[in-house]
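**Q** With the sequence up front, the predicted model follows.
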Amino acid sequence: MTPVRSLPYPLGVTIVDGGINVAVYSETADAVHFCVFGDDGEQRTELDERTGHVFHGRVDGVGVGARYGLRVDGPWDPANGLRHNVHKLLLDPHARAVEGEYSWGQEVFGHNQADPLLMDESDDAGCVPRCVIVDPAFDWGDDAPPAIPLADTVVYETHVKGFTKLHPDVPEDIRGTYAGLAHPAAIEHLTSLGVTAVELMPVHQFVQDSHLLEKGLRNYWGYNSIGFFAPHGEYAAAGDDGSQVGEFKHMVKSLHAAGLEVILDVVYNHTAEGNHLGPTLSFKGIDNASYYRLVADDRANYFDTTGTGNSLNVGHPAALGLIMDSLRYWVTEMHVDGFRFDLATTLTRQDGDAELHSAFLTLIEQDPTLAGVKMIAEPWDTAGYQVGGFPATWSEWNGKYRDDVRDFWNGADGVLGTVAQRVLGSPDVYEASRRSPLSSVNFITAHDGFTLADLTSYSKKHNAANGEDGNDGEDDNRSSNNGAEGPTDNAAVNERRARQRRNFLATLLLSAGVPMLLGGDELGRTQGGNNNAYCQDDEISWFDWSSTDADLLAFTQQLIAVRRDNPALRPPWFRQAPEHGDTDTVVTLRSDGEPFSEDDWANPDARSILFLLQHAGADSFALALNAAENGVEFTIPAPPGGAWELVASSDDEQAVTGEGTTIIVRDVSFTLLRSASTP
């Protein structure tokens, strides 16, 4: 009988009749061993076939539930970028699930920590996690992607664990898990809020940093990936024995059933293996030079544009193939609807410089599996800022929006012209390259930095809990304590803070583009002034549902609903003057109702502006923004339909008379008026 041959693709483990097919890419290895762990200890099988640079083989009698790892034998020559060490048990880069955590010690390092050029020959099998073979079957039923147009999208950035860890209506045994996020109480908050997509902070399997564990802290954010196909096991109520895959799928199915899309924050720019002094966990021991960018004339060291010690080598087919296989897997097998790419600029640096036509972006653009998927870039890394530099089919976190809107409401000089651009969808960034406002993901706050409550309560960071003597976190926060640092009983300070929170939220939800709300901002969530809570897996970061600001929540719900129901507030293209089209129009006016002159825009003391927003056959709006420290009289043009009516304001005393053409907008406030369309 002719023996059954193994296949070089797909990479990783594939279940076949009688066993599994295993395939591992390495240009520099001499041998690859598949290691199964059971009651009899470790059983090794050498992958005895090779096609190109892929080692592959069949392993009979092994199937779902088996725990395994890889051992890769080959040259140890760090000076030339070669770090093979057969004594180290490695994670399969394509593993679908990972069980266990690392016990940090010399064993998990491929090199001798006292002399990094020497190989360490201690066996680490007792200190490292195992890969788990998972049954891919799942009853998706009639699940289908919600396929919400970008123009209708409102993104909610949140954390799987932190969102429900303290939620009183979620059963205690599933709080902080995928199952917890799928619970009706969690979903009800999202749907009643009106958001359309949850953007989950990293859920790829990640590693707990040894330096944090030594200080009694944990990596909460999860930007320390090691498994690009595996849902992080700690977030599974059912445990990390492989059940995390089915639990994640159930979460996606439940969110889809509620009309909510799932976007993953993915970290393909680096891994948890760090620099030349970091541990050997997977890629470093399989094929270091193929998976990581090395310094050209010093291949013992890593070319790093991420600030983490290494950067994935997106100029190499192996690394690019890994990313593409991972993206397709999460779309086809896990049914996710989009990706937000952490430090996406690094992924475009195949030869050093950021490139619009890099191999990474080109592969994404032509892939039919990814064609209908939302792609969002964090368009910067430690080496550069690339807002506006991604393809037309991508959206980008718009850091300029965050900075300019913060400056405007905090009274900075000379920012009226730039904030007008931000409200209109940043045409100064996108229009020249024929990109629409939907290229801009607008945000005021995100996981990295102050929450909205803290942005309006602190003038400086308070990061003592992180154990870095306050040296971590951003210093340029463009925040204001509005009269007192931190919590206060001063009624005037608290009133101004409440007003500013409404100003920020209203600007965000009434601007052209795709709004992204930081989860918990609608509740008044605080981190006590910590603007870098990456290591706070505790009450500092978790949502405190018992302290919900009910008024702020109701206000946020109202503004999201107004945006959803009125096309004038969510245009898919830059708004044109009436003579250029009759679908969307916008007019920017001074507070006296007159057009701006060049001198007006250049006036550093100008702090008020009126937007008239229209859509053919729909209601029209007048949005007045006043960042001055005094009340301003706004002259409102004649309504295009019914009389102007008050929709929302950060001033609880705002008055609008039905026949009036002027309103007083108090200091540091906004007001939104509506003119109902007439048949």
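**A** Okay, I see it. Residues are numbered from 1 along each chain as shown.
**Q** Pro10 and Asp325 touch, don't they?
**A** Yes. Between Pro10 and Asp325 a contact is recorded at 7.3 Å, counting by CB atoms under 8 Å. Quick note: C-beta positions are derived from backbone N, CA and C, even for glycine.
**Q** any common contacting residues for these two?
**A** His94 (CB atoms under 8 Å, 6 or more residues apart in numbering).
**Q** Which one of those two is surrounded by more residues?
**A** Of the pair Pro10 and Asp325, Asp325 is the one with more neighbours under other CB atoms under 10 Å, namely 18 against 12.
**Q** ranges for the strands of the stretch 351-500 of the chain?
**A** Here the stretch 351-500 of the chain has its strands, by DSSP state E, counting those that start in this stretch, at 374-377, 380-381, 384-385, 395-397, 440-442.
**Q** looking at those, which is closest to Glu42?
**A** Proximity to Glu42, assessed across the strands of the stretch 351-500 of the chain by CB to CB, is greatest for strand 380-381 (39.6 Å).
**Q** For the closest one, enumerate the helices and strands it packs against.
**A** For strand 380-381, the helices and strands in contact under the criterion 3 or more CB pairs under 8 Å, 6 or more residues apart in numbering; DSSP states H and E are helix 344-347.
**Q** any idea how far the helix it packs on is from the chain center?
**A** On the basis of CA atoms, centre = their mean, to the nearest Å, helix 344-347 sits 14 Å off its chain's mean C-alpha point.
**Q** which residues in the stretch 101-250 of the chain form strands?
**A** Under DSSP E, counting those that start in this stretch, the stretch 101-250 of the chain gives strands at 111-112, 115-119, 130-132, 155-158, 197-200, 204-206, 225-231.
**Q** Tabulate these (CSV), appending distance to Ile609.
**A** Formatted as CSV, the strands of the stretch 101-250 of the chain follow (distance: least, CB to CB, whole Å):
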stretch, distance to Ile609
strand 111-112, 59
strand 115-119, 58
strand 130-132, 57
strand 155-158, 26
strand 197-200, 30
strand 204-206, 43
strand 225-231, 43
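**Q** Dump the ones you listed to CSV, plus mean pLDDT, distance to Arg496 and mean neighbour count.
**A** Output for those, formatted as CSV (pLDDT from 0 to 100; distance: least, CB to CB, whole Å; neighbours: other CB atoms under 10 Å):
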stretch, mean pLDDT, distance to Arg496, mean neighbour count
strand 111-112, 98, 56, 18
strand 115-119, 96, 55, 13
strand 130-132, 98, 53, 26
strand 155-158, 98, 26, 25
strand 197-200, 98, 30, 26
strand 204-206, 98, 40, 25
strand 225-231, 98, 41, 26
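**Q** quick one on the thing from earlier: which of the strands of the stretch 351-500 of the chain sits closest to Ala23?
**A** Using CB to CB, the nearest of the strands of the stretch 351-500 of the chain to Ala23 is strand 374-377, at 28.0 Å.
**Q** How about His167, nearest residue that isn't a chain neighbour?
**A** Ranked by CB to CB, 6 or more residues apart in numbering and with sequence neighbours excluded, the top spatial neighbour of His167 is Trp545, at 5.4 Å.
**Q** For that neighbour, give me its contacts.
**A** Contacts of Trp545 by CB under 8 Å, 6+ apart are 166-168, 523.
**Q** Thr51 now?
**A** Shown in contact with Thr51 (CB under 8 Å, 6+ apart): Pro8.
**Q** What count of nearby residues applies to Ala31?
**A** 16.
**Q** can you check Glu633 too?
**A** Glu633: 12 surrounding residues under other CB under 10 Å.
**Q** next one: Leu517
**A** For Leu517, the count of nearby residues is 27 (other CB under 10 Å).
**Q** quick one: it from Gln421, how far?
**A** The gap separating Leu517 from Gln421 is 21 Å, by CB to CB, to the nearest Å.
**Q** Repeat that for Asp60.
**A** From Asp60 over to Gln421 the distance is 64 Å, taken as CB to CB.
**Q** of those two, who's got more company?
**A** Legend: neighbour count by other CB under 10 Å for Asp60 and Gln421, higher for Gln421 (16 against 12).
**Q** So what's the residue count around Asp142?
**A** Residues lying near Asp142 (other CB under 10 Å) number 7.
**Q** so what pLDDT did it get?
**A** We have a pLDDT of 97 for Asp142.
**Q** I'd like the numbering to begin with 320 instead of 1 from here.
**A** Done: numbering now begins at 320, and the last item shifts to Asp461.
**Q** and it, what does it touch?
**A** Counting by CB under 8 Å, 6+ apart, Asp461 has no contacts.
**Q** any idea how far Gly382 lies from Val355?
**A** Gly382 is 10 Å from Val355, where distance means CB to CB.
**Q** Neighbour count for these two, which is higher?
**A** More neighbours surround Val355 than the other of Gly382 and Val355, with 20 against 15 (other CB under 10 Å).
**Q** So that one lies in a helix, does it not?
**A** No. Val355 sits outside any helix when classified using DSSP: H, G, I helix; E, B strand; the rest coil, being strand.
**Q** so what's it up against?
**A** 361-362, 364, 378, 381, 385-387.
**Q** so can I have a markdown table of those showing secondary structure and distance to Glu674?
**A** Converted to a markdown table, the contacts of Val355 look like this (DSSP: H, G, I helix; E, B strand; the rest coil; distance: CB to CB, whole Å):
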| residue | secondary structure | distance to Glu674 |
| --- | --- | --- |
| Glu361 | strand | 44 |
| Gln362 | strand | 46 |
| Thr364 | strand | 42 |
| Val378 | strand | 41 |
| Val381 | coil | 43 |
| Ala385 | coil | 42 |
| Arg386 | strand | 41 |
| Tyr387 | strand | 38 |
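**Q** And these, which two are furthest apart?
**A** Thr364 and Arg386 (14.2 Å).
**Q** chain center to the least confident helix or strand in the chain by mean pLDDT, what's the gap?
**A** The helix or strand of the chain with the poorest confidence is strand 703-704; it has a mean of 82 (mean pLDDT, DSSP states H and E). On the basis of CA atoms, centre = their mean, strand 703-704 sits 18 Å off its chain's mean C-alpha point.
**Q** name the helices or strands packed onto it?
**A** Using 3+ CB pairs under 8 Å, 6+ apart: strand 703-704 touches no other helix or strand.
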